[in-house]
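Chemist: What follows is a predicted protein model with its sequence.
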Protein chains: 2
Amino acid sequence: MNLKDLAHRLNLSPTTVSRALNGYPEVNEATRERVMAAAKEHNYHPNSRAIRLATGRAMAVGHVIAIANRHEIVNPVFADFIAGAGETYSRNDYDMLLSVVRDEDEAQTYRNLRVKGSVDGVIVHGPRENDPRIPLLREIGLPFVVHGRATGATGPYSWLDVNNRRAIQQATGHLLDLGHRRIALVNGLEFMDFAIRRRRGYLDALAARKVASDAALMASGEMTEVAGFRAARTMLALADPPTAFVAASMLSGMGVRRAIEGAGLRLGQDVSVVIFDDDLSYMKNGEERPIFTAMRSSVREAGRLVAEMLLHRIAHPDAGPVEQLLEAELILGRSTGPAPDR
Amino acid sequence: MNLKDLAHRLNLSPTTVSRALNGYPEVNEATRERVMAAAKEHNYHPNSRAIRLATGRAMAVGHVIAIANRHEIVNPVFADFIAGAGETYSRNDYDMLLSVVRDEDEAQTYRNLRVKGSVDGVIVHGPRENDPRIPLLREIGLPFVVHGRATGATGPYSWLDVNNRRAIQQATGHLLDLGHRRIALVNGLEFMDFAIRRRRGYLDALAARKVASDAALMASGEMTEVAGFRAARTMLALADPPTAFVAASMLSGMGVRRAIEGAGLRLGQDVSVVIFDDDLSYMKNGEERPIFTAMRSSVREAGRLVAEMLLHRIAHPDAGPVEQLLEAELILGRSTGPAPDR
DNA sequence: CCGTGTTGGACAAAGGATTTTTCCGGCACG
DNA sequence: CGTGCCGGAAAAATCCTTTGTCCAACACGG
């Protein structure tokens, strides 16, 4: 059942039917209703491929996931972010196109998306320092919004980010308020922009209280349980071990907790932990009372918002870049307490 | 740069250029080479929208993610599965279309995908008992492959599944071999097909050794850390507590571990744990020596394989349904040991 | 009664490829 | 030398919708 058939059935031209369905003014209201009714009755759906060809719009948004090799980590926040973005797309009748590519193919993938007109815009995931995707997308003229920011990027671009610096500054400050002075940072990989900002927030907080930083208390690595465990185990074995940790994620935090308990220490009493909590649906930080004291910001909500920003950009290509900074919220849990006496 | 331009530049007709590029026999080999060279030189890419319109193929595969409400869990294996499937699609020049919809809209989503011709086939995620999607997709004639199986489904359909029953049977058997008799099952939600099969495997193993099952040792719930923790804590508080656990996932297992250690018991000595390990990239089960003894099966590899099965089905619509059963592998880690003396 | 303005709707082109049909020149064969 | 066949390439139809242009009919004012 296509437009022509439907028009034929109604003794109208395809033009009129198309206009009637798409709300153009130059069609009689009575005719429009007749068309609408027939369309519903015959379960008519315009062929999206043809619409795309005719309008030049793809009605689709691309998400490119670059993977360095078969075994590299897929970002654990990815599923929730996508779920959030997907809700926005569904509501707006956009499709989400996901491309999983090796990272050496990433640039070519963006170019192809553009050239073939598969998408109207893209979301940039996991920006790094001086991320090359930003100039690339600008050059090829594909609308985009970055989830995060890219330190070192020149010129304006649209982004939505959590205030990572402030969040970790606040987390560290909270521990300082509790009397902790040996505070460790178990950070993500520090070529990732968010991790750079978090370290900065951590150092800011220490500096503000004139607490010296110690390279031995700063770890940077993948945000896995094992990596968190190892980093914390090493630090706890120091001559002057930390009494508190700031951990980059729920998983890192769980690793840190294991190291603490493995060393015979009690979480929240002997050693405190604050995590950054992306509020992942499958990794809830407890329920009634959170396990971890945390700086929380829902990555799913971020997905919804970023997608909305992109759709807005697509609809208004000439509007300037938009920026949005979300604040993480301090959640008090059972993993923090006053610094132990020495 | 489109076909017409290219043909014009070459002083050929669009027909000939199209044929040359698509390897049709009725074009002179010299002409073909000339065309190929020009296409490469001018960076010609056929417009996929036009191809799709002309051929009727979408060159895309759909993944529909149904979510009951805003806060429902997004399956944590999702990201890795998608990464695996995405690799296959990239290799075969297929697109992946992701739809995130409320579950009451799921059926309509599949119908729309079909009617509008957005995709050539779909992957069915997380099948449940008597899953309605199987008859639905069969009815609307959209090729599909199920990741998992659906107990109660009538008639043949294509699927790829891990042998969940055998895996958990083996896990339970391993614990029985170690002398455990009070073995608990911390299962996923038992309207999910995989969880049904796992319970069956668990019961099979007990029955085979004539060990009575105990409803108090069987929990079923979401596969989160917190849920695992609670289930295990409750069981460990029983008058006759378990000396071993079979946990449905890495996260559940981490919750169980926390409950064990929280009860002052030692993992792998006082209480043993075997988990089912989907080998998620961000949740590696240790490295040199696994933290948990586990039944392992890579969900990412499953994604690759399922996608291949679907593309094959799309290419050969008349071939019968295909079934593939993967076996999980027993990985010995530090979380299991002989049953303690009583 | 005629010119003008509005309305409702039809016609045709455009969008970019594929596929079918048609055409033409050259060669082989009788 | 005429006919038939075939390879190579062009032309046209097809896929389905949107959209700019145009037309016919009608109402209305002068």
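Modeler: Perfect, thanks for sending it.
Chemist: Phi, psi for the residue of the stretch 151-300 of chain A found nearest DNA strand C please.
Modeler: In the stretch 151-300 of chain A, the residue that lies nearest DNA strand C is residue A:158 (27.0 Å; Cβ to the nearest atom of the strand). Heads up, the C-betas are built off the backbone N, CA and C, glycines and all. Phi and psi for residue A:158, reported as degrees, to the nearest 10, are phi -90, psi 140.
Chemist: Identify the residue spatially nearest to the residue in the stretch 151-300 of chain A that chain B sits nearest to, adjacent ones excluded.
Modeler: Using Cβ to the nearest Cβ, the closest approach of the stretch 151-300 of chain A to chain B is made by residue A:282 at 4.1 Å. The shortest distance from residue A:282 to any non-neighbouring residue, by Cβ to Cβ, 6 or more residues apart in numbering or on different chains, is to residue B:76 (4.1 Å).
Chemist: so what's that neighbour up against?
Modeler: A:76, A:79, A:282-283, B:223, B:249, B:251, B:280, B:283 (Cβ atoms under 8 Å, 6 or more residues apart in numbering or on different chains).
Chemist: Can you flag which of those belong to helices?
Modeler: A:79, B:251 (DSSP state H).
Chemist: Quick one: buried ones out of the contacts of residue B:76?
Modeler: For those, a burial check counting by 16 or more other Cβ atoms under 10 Å in any protein chain shown picks out A:76, A:79, A:282-283, B:223, B:249, B:251, B:280, B:283.
Chemist: Name the residues of the stretch 51-200 of chain A found near DNA strand C, please.
Modeler: A:53-54, A:56 (Cβ under 7 Å from any atom of the strand).
Chemist: near chain B too, which of the residues you listed?
Modeler: Filtering those for proximity to chain B by Cβ under 8 Å from any Cβ of the partner chain leaves residue A:53.
Chemist: Looking at the residues of the stretch 51-200 of chain A next to DNA strand C, which are in helices?
Modeler: A:53-54.
Chemist: neighbour-wise, which of the residues of the stretch 51-200 of chain A next to DNA strand C leads?
Modeler: Neighbour counts for those (other Cβ atoms under 10 Å in any protein chain shown) peak at residue A:53, which has 17 neighbours.
Chemist: can you pull out the strands in the stretch 1-150 of chain A?
Modeler: A:60-67, A:95-102, A:121-124, A:144-147 (DSSP state E, counting those that start in this stretch).
Chemist: can you list these in a markdown table and add mean pLDDT?
Modeler: Listed next are the strands of the stretch 1-150 of chain A as a markdown table, based on pLDDT from 0 to 100:
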| stretch | mean pLDDT |
| --- | --- |
| strand A:60-67 | 94 |
| strand A:95-102 | 94 |
| strand A:121-124 | 97 |
| strand A:144-147 | 98 |
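Chemist: hey, which of those strands is tucked in deepest?
Modeler: Comparing the strands of the stretch 1-150 of chain A on average neighbours per residue, with mean count of other Cβ atoms under 10 Å in any protein chain shown, the densest one is strand A:144-147 at a mean of 26.
Chemist: can you list contacts of that strand?
Modeler: A:81, A:121-127, A:131, A:133-134, A:137, A:157-161, A:302-303, A:306, A:309-310, A:313, A:322.
Chemist: Tell me which strands that strand pairs with, and in which orientation.
Modeler: strand A:121-124 (parallel), strand A:159-162 (parallel) (DSSP bridges).
Chemist: how about the closest residue to DNA strand D within the stretch 1-150 of chain A, what does it touch?
Modeler: Closest residue of the stretch 1-150 of chain A to DNA strand D, Cβ to the nearest atom of the strand: residue A:3 (2.7 Å). Taking Cβ under 8 Å, 6+ apart, we find residue A:3 in contact with A:14, A:17-18, A:44, A:46.
Chemist: are any of these buried, and which?
Modeler: A:17-18, A:44, A:46.
Chemist: Among those residues, which are located in helices?
Modeler: Among these, the members falling in helices (DSSP H) are A:17-18.
Chemist: which stretches of the stretch 151-300 of chain A have low pLDDT?
Modeler: Within the stretch 151-300 of chain A, not a single segment meets pLDDT under 70.
Chemist: which stretches of it form helices?
Modeler: A:164-177, A:193-208, A:225-236, A:250-262, A:299-315 (DSSP state H, counting those that start in this stretch).
Chemist: and the ones you listed, which is most packed in?
Modeler: helix A:250-262 (a mean of 25).
Chemist: Residue A:191 versus the residue of the stretch 201-342 of chain A found nearest DNA strand D, what's the distance?
Modeler: Using Cβ to the nearest atom of the strand, the closest approach of the stretch 201-342 of chain A to DNA strand D is made by residue A:315 at 13.8 Å. Using Cβ to Cβ, to the nearest Å, residue A:315 is found at 34 Å from residue A:191.
Chemist: again, but for residue A:285
Modeler: For residue A:285, the distance to residue A:191 - Cβ to Cβ - is 27 Å.
Chemist: which one of the two has more residues nearby?
Modeler: Set residue A:285 next to residue A:191 and count neighbours by other Cβ under 10 Å: residue A:285 wins out with 23 against 12.
Chemist: what's near enough to touch the more buried one?
Modeler: A:250, A:275, A:277, A:279, A:291-292, A:294, A:296, A:331, A:333.
Chemist: Quick check: closest non-adjacent residue to residue A:242.
Modeler: Residue A:242's closest residue in space is residue A:184 (Cβ to Cβ, 6+ apart), at 3.9 Å.
Chemist: what sits against that neighbour?
Modeler: A:217-219, A:231-232, A:235, A:242, A:244-246.
Chemist: swap in residue A:206?
Modeler: A:172, A:176, A:183, A:212-213.
Chemist: cool, and residue A:335?
Modeler: A:253, A:257, A:267-268, A:272-275, A:291-293.
Chemist: re earlier: I'd like the strands of the stretch 1-150 of chain A as JSON lines, with distance to DNA strand D appended.
Modeler: As requested, the strands of the stretch 1-150 of chain A are exported to JSON lines (distance: least, Cβ to the nearest atom of the strand, whole Å):
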{"stretch": "strand A:60-67", "distance to DNA strand D": "16"}
{"stretch": "strand A:95-102", "distance to DNA strand D": "16"}
{"stretch": "strand A:121-124", "distance to DNA strand D": "18"}
{"stretch": "strand A:144-147", "distance to DNA strand D": "24"}
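Chemist: quick one, which of those strands is nearest to residue B:39?
Modeler: strand A:95-102 (22.2 Å; Cβ to Cβ).
Chemist: Using CSV, lay out the contacts of residue A:285 together with distance to residue B:29.
Modeler: Output for those, formatted as CSV (distance: Cβ to Cβ, whole Å):
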residue, distance to residue B:29
A:250, 61
A:275, 65
A:277, 63
A:279, 61
A:291, 69
A:292, 68
A:294, 67
A:296, 65
A:331, 70
A:333, 72
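Chemist: which ones among those residues come in contact with chain B?
Modeler: residue A:291.
Chemist: check the contacts of residue A:285 against DNA strand D, which are close?
Modeler: Okay, of the contacts of residue A:285, nothing touches DNA strand D (Cβ under 7 Å from any atom of the strand).
Chemist: Quick one: residues contacting the residue in the stretch 101-250 of chain A that DNA strand C sits nearest to.
Modeler: In the stretch 101-250 of chain A, the residue found nearest to DNA strand C is residue A:117; the distance is 8.0 Å by Cβ to the nearest atom of the strand. By Cβ under 8 Å, 6+ apart, residue A:117 lies in contact with A:52, A:56, A:58, B:47-49.
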